[in-house]
Structures are given as C-alpha cells and as structure tokens.
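Peer 1: this one's structure only:
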C-alpha cells in the first residue's frame, strides 16, 4: 500500500471549513484513499473514501487531484466535536487482506 | 452504519493474570476482524488479522502465544492477553471487515483500555 504524508497538526476556527491535505504520490491505480478520524480515547471512525472522483457524504467531502497524487478532506463547518486525529490511508482492496495501516495522522484542533 | 462493540471498555488486572477482550459485530457478519494496539500518543499498530474458522495471522514482533486470538463465529472475535505484564498496558482496538459492494469498508470498536499493575 502507498505511503501517505500528512501535516502533523492544524488549527481551525469553529464554523469555518477545515481542509486537511494528504500526499500519496506513489498511489497505484487500484488503491483507494480512505479517511478515518480518532477522537481521544475512542476507536477510529470512518469518514469517507474515494478512488478517482470527488466524494461527498454527510460528514465531509473528499477532493482527489486528477493525477491522484494528493487529496484534501474538507469538513465544511467545523465544530469543537471535530477535534481529533485524522488519518489518510491509501489501500488496495482487491486481493489484499484489507488491513489498514495507520500513519501519524493530522491532529486537528477546532478552536472557538 | 455498521456497529462494532468491545467488552470490557476498560480493565485493570494484576501482573501474571490473563485478560480476555471480546469484539462483536452487532448488525453484520464479519469473516475477518483485526486487532490493533495503541500506546499513548502513538498511532494504531496492527497486531493480528483474525479469520473466522481459521488461525489468526500475526504481525511481525507480536507473540502469538501471548496474544491468543479466537474467531469462533462470524460476529465474535476474542483477544486474550496471557500472563499480562505492565508493558502490555495499552489501548486495544478491534475492527471488522464489513465490506459490501465494490469497495472496502472496515468498522472499528470503541477500544478497551488495559492497565496491568
């Protein structure tokens, strides 16, 4: 699975959009980009995933560049409850065991 | 969405005793479950992959005789920490493969905090 690179930490004002970048320059054609987050002392929570096209759900939007070498997770209106560590993971589903490899992630602090 | 539970949510045990942690998929069946360990201020580290009806696959450096995994049904996997020592104190998290359709979906439990005294 491709390695991903994320900033160590980011701050965001409550009510503003939080844009979390992820670099996955070695991603292969059949690897998906997954985003999870972990609020302190809880298990990771699935947010969104995508392959090529931009995706949106009730939690967030995922913007994947045309060359798929990077992506951005967007929380449109961040709240204090969105403070968490956000993990970007590139994973090849087809043929693999599907175990997610977690990096260090980005610690997002939403401030009032 | 799919729900995964863990029991207990926290446990304190004495050094040398064994502790069993249960992981259940509540509203779906999971042929594959995963066990992770997370030390303070660190990321999740995969310990083993648990497949229903077969032996677990352990990651390099994880002692299979110390961390016993049993996946006896499609909704339950257990992790037993045998002869626990203070260095085994950690946050243990399980996840279950809830894949449907074309893309992979994995759902996590809330975690179990183990403290060995």
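Peer 2: That came in fine, so what should we check first? What you are looking at is a predicted structure, and each value in this text was computed from that prediction instead of being measured. Numbering: from 1, shown residues only, chains lettered A, B, ... in the order given.
Peer 1: lowest average confidence, helix or strand, in chain B?
Peer 2: Ranking every helix and strand in chain B by mean pLDDT, DSSP states H and E puts strand B:106-108 at the bottom, with a mean of 90.
Peer 1: Tell me if that strand is near chain A.
Peer 2: Yes - contact between strand B:106-108 and chain A, assessed by CB under 8 Å from any CB of the partner chain, occurs at B:106, B:107, B:108. In this view, the C-beta of every residue, glycine as well, is placed from N, C-alpha and C.
Peer 1: So what's the residue count around residue A:65?
Peer 2: By the measure other CB atoms under 10 Å in any protein chain shown, the count of residues near residue A:65 is 12.
Peer 1: Count the residues that sit near residue B:84.
Peer 2: Number of residues near residue B:84 (other CB under 10 Å) recorded here: 22.
Peer 1: what's the average pLDDT for the helix or strand just after the least confident helix or strand of chain B?
Peer 2: Per DSSP states H and E, strand B:106-108 leads on to strand B:112-116 as the next helix or strand towards the C-terminus. In this model, strand B:112-116 carries a mean pLDDT of 97.
Peer 1: go on, stretch B:83-103?
Peer 2: Regarding stretch B:83-103, the rounded mean pLDDT is 87.
Peer 1: And for stretch A:36-48?
Peer 2: For stretch A:36-48, mean pLDDT is 93.
Peer 1: got the buried residues for it?
Peer 2: Judged by neighbour count using 16 or more other CB atoms under 10 Å in any protein chain shown, the buried positions of stretch A:36-48 are A:36, A:37, A:38, A:43, A:44, A:45, A:46, A:47, A:48.
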